[in-house]
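> Could you look at this predicted model? Sequence included:
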Amino acid sequence: MATIGKNILDNLTTGMYSDSRVIYREYIQNACDQIDLAVKKGILLQKEGQVDIFIDSEKRYISILDNATGVKSDSFIEDLGDIANSNKQIGQNKGFRGIGRLCGLAYCKTLKFKTSYLGEDNASVMTCNAKRMREMLVENKKYTIDEIWETIVKYDTISEETEKHYFEVEMIDINRENTDLLNKKRIKEYLSFVAPVPYKNTFILRSSIYSHAEDLGCLIDEYYVQVNGQQIFKEYTTRIKEQSGANLKNYDDISKLEFKDFYDDKGNLLAWMWYGLSRFEKSIPKVNQMRGLRVRSGNIQIGNDDVVQDLFKENRGNYYFVGEIFAEDDRLIPNSQRDYFNENEIRVMFENKLRTYFYDVLHKLYYDANRLKNAYKKREEYVSKVNEYNKKSSENGFVNEEDKQKLEFAIDKARKEAEEAKRQIDKFKGMDEDLPIAEVQKSIEDKFGAEKLQKEVDEKEVVKADVPVKKKQYITSSMSKLSKGERKLVSRILTIINDVAPKDVAEKVIDKIKEELR
């Protein structure tokens, strides 16, 4: 028979993952599969299953413990000692390759598995010298997998209470270069979107997600996972924030969720998704960890927040949205790194369905939202120009006749743009109320106070360029203490300031001159 060399083991451990945090995902995945089995066997109720993660950064120690079935002592060596020879089934279990448990070997000096099965009075222990394994992998010497395994693995049995049933992974003496595994805050943030956990109860729109899944006959697998005693939830919220100095401020809101189901050519459900409808003010900043459309299989995240961005017409389109895509077809099989699906005809169909929807609906949605916002801004600009004219007319505000005429011209231009903007807004109002853009329009209208804005536009009279000039309209008219020549000089100075300085700066300087010379 052919010899299986050490490089295979290298590929399955140190070379498998680019992000060390995946160890948590892999061990949680295994725990959840066993919780499902424990529920099926009647050992647990679904709500009783639990995964406890404990991180001790000072001792550089990690424990991942579940209260599921555990492993029978007579099958322990076979179940844990075999490599890539799992009894799990594709499409039924979250993990199925039999290699996930090896991932911890790359990140610590000692990896230990301890387990007890209900009704047995002992616990089985497997201790792996991970440090020695890595040394053997880089030695200039050929080793077979069997030779390495026999060198680094030890089995033992200890007494245990018969009512206990659990499986524990212990990573002892985490490598210095993998200290990120001990950052409790970062790990909680990572797991809040990667792990199969419930939505946070403050995410008030979550009920519509459960309802849609139920209507489809789909189950969203959720488990109780905690890190150092704190339960982990999906950290979705209706508020979208941006950095403002040292603080975060809310700049947009998700008002409603939209759903889309994807079927194959025979009518079988491939996947379904939900995404948030907001005003789509801009591409969502990174400070919002929930940003992007995320893909999930078994409610465990596939890849990162950018996994489907290449299916958008433009990559940035992915970050205008918050949402999840749940893969339901068993033929959408996660690859060994779980960063995407294995390549097959169903994956190609899945991508084509998503790409079409992203192009035809989502891309158009945030572009139409931008058009609507610009239309309302044009209406606001017209009102602002007329208000500026009226204020200058009544408060000695014009620098000279040219300044007055420029503003009248700007008002006329703004009025025409406001009229065109109104036509655009009316077109959107005539669309089907069930379309996503209808909800987006409501949110934009609320922001701009559409009814009040319309009333203000209607109240503004069109300003004609031939309105007779009144002396009191000009700034120098109030400078009665100055001679005629002095007023002309001041007028020239004000004109220069008005022409060359930015508008806000010019206004401040001119107001100060008015105050001093009045």
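All right, it came through fine.
> quick one: the nearest residue to Glu222 once chain neighbours are set aside from Ser192, how far?
The spatial neighbour of Glu222 that comes closest, neighbours along the chain excluded (C-beta to C-beta, 6 or more residues apart in numbering), is Pro198 at 4.6 Å. Heads up, the C-betas are built off the backbone N, CA and C, glycines and all. Applying C-beta to C-beta, to the nearest Å, the value for Pro198 to Ser192 is 11 Å.
> Quickly list what's touching both of those two.
Both Pro198 and Ser192 are contacted by Phe233, Lys234, under the criterion C-beta atoms under 8 Å, 6 or more residues apart in numbering.
> wait, Ile411 sits on Lys392?
No. Taking contacts as C-beta atoms under 8 Å, Ile411 lies outside contact range of Lys392: 11.5 Å.
> how far is the helix or strand harbouring Ala31 from where the chain is centred?
Per DSSP states H and E: Ala31 is located in helix 22-41. The chain centroid and the centroid of helix 22-41 are separated by 25 Å under C-alpha atoms, centre = their mean, to the nearest Å.
> Sketch out the helices for the stretch 1-150 of the chain, chain order is fine.
Counting by DSSP state H, counting those that start in this stretch, the stretch 1-150 of the chain has these helices, from start to end: 6-12, 22-41, 76-81, 130-138, 145-152.
> Name the residues of the longest one that come out as buried.
This means helix 22-41. Neighbour-count burial for helix 22-41, with 16 or more other C-beta atoms under 10 Å as criterion, is recorded at 22-36, 38-39.
> With the last one instead?
Buried residues in helix 145-152, counting neighbours by 16+ other C-beta under 10 Å, are found at Ile145, Ile148, Ile152.
> Out of the helices of the stretch 1-150 of the chain, the one nearest Ile325 is which?
Among the helices of the stretch 1-150 of the chain, the nearest to Ile325 by C-beta to C-beta is helix 22-41 (17.7 Å).
> circling back to that earlier point, could you export the helices of the stretch 1-150 of the chain as TSV, including distance to Gly317 and mean pLDDT?
Formatted as TSV, the helices of the stretch 1-150 of the chain follow (distance: least, C-beta to C-beta, whole Å; pLDDT from 0 to 100):
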stretch	distance to Gly317	mean pLDDT
helix 6-12	35	60
helix 22-41	27	93
helix 76-81	45	81
helix 130-138	42	88
helix 145-152	45	87
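> could I get the ones you listed as CSV with distance to Ile174?
As requested, the helices of the stretch 1-150 of the chain are exported to CSV (distance: least, C-beta to C-beta, whole Å):
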stretch, distance to Ile174
helix 6-12, 20
helix 22-41, 10
helix 76-81, 21
helix 130-138, 10
helix 145-152, 17
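> Which one, of those, ends up nearest to Gln473?
Nearest to Gln473 among the helices of the stretch 1-150 of the chain is helix 22-41 (70.7 Å), distances taken as C-beta to C-beta.
> Counting by contacts, list what that closest one packs against.
Counting contacts by 3 or more C-beta pairs under 8 Å, 6 or more residues apart in numbering; DSSP states H and E, helix 22-41 packs against strand 50-56, strand 61-66, strand 166-174, helix 184-194, strand 300-302.
> Could you list the low-confidence segments of the stretch 151-300 of the chain?
Scanning the stretch 151-300 of the chain for pLDDT under 70 picks out nothing.
> Skipping adjacent residues, who's closest to Asn335 in space?
Among residues not flanking Asn335 along the chain, Asn342 sits closest, at 5.3 Å (C-beta to C-beta, 6+ apart).
> do Asn315 as well
Nearest in space to Asn315, with sequence neighbours left out and distances taken as C-beta to C-beta, 6+ apart, is Gln309 at 4.7 Å.
> Now the one you found. Its backbone dihedrals?
phi -60, psi -30 (degrees, to the nearest 10).
> My read is that it contacts Gly292, right?
Yes. The criterion here is C-beta under 8 Å, and Gln309 meets it with Gly292 at 7.4 Å.
> returning to that earlier point: of Ile411 and Lys392, who's got more company?
Comparing Ile411 with Lys392 by other C-beta atoms under 10 Å, the one with more neighbours is Ile411, at 22 against 18.
> would that one count as being in a helix?
Yes. Per DSSP: H, G, I helix; E, B strand; the rest coil, Ile411 lies within a helix segment.
> distance of it from Asn288?
In terms of C-beta to C-beta, Ile411 sits 40 Å off from Asn288.
> contacting residues for Glu351?
Counted by C-beta under 8 Å, 6+ apart, Glu351 has contacts Leu311.
> tell me which element it is part of?
helix 345-357.
> Now do the buried residues in that helix.
Quick answer for helix 345-357 (16+ other C-beta under 10 Å): Ile346, Arg347, Met349, Phe350, Lys353, Leu354.
> Nearest to Phe321 among these?
Leu354 (12.3 Å).
> My read is that that closest one contacts Leu270, right?
No. Counting by C-beta under 8 Å, Leu354 does not reach Leu270; the two are 9.3 Å apart.
> what residues are shared contacts of these two?
Counting by C-beta under 8 Å, 6+ apart, the residues touching both Leu354 and Leu270 are Phe262.
> Now for the residue nearest to Asn335: which residues touch it?
The contact partners of Asn342, taken as C-beta under 8 Å, 6+ apart, are Ile333, Pro334, Asn335.
> wait, what's in contact with Val71?
Asp79, Leu80, Thr115, Tyr117, Ser124, Phe167.
> How about Tyr61?
Phe54, Ile55, Glu170, Met171, Ile172, Asp173, Ile174.
> Tell me which two in these are the farthest apart.
Phe54 and Asp173 (15.2 Å).
> quick check, nearest of the buried residues of helix 145-152 to Val361?
Closest to Val361, out of all of the buried residues of helix 145-152 and judged by C-beta to C-beta, is Ile145, at 49.8 Å.
> now the closest one: how far from Thr151?
11 Å.
> next one: Leu44
Taken as C-beta to C-beta, the span from Leu44 to Thr151 is 37 Å.
> tell me which residues of the longest helix anywhere in the chain are tucked away?
Longest helix in the chain, counting residues (DSSP state H): helix 364-394. By 16+ other C-beta under 10 Å, the buried positions in helix 364-394 come out as 365-366, 368-370, 372-373, 375-376, 378-383, 385-386, 389, 392-393.
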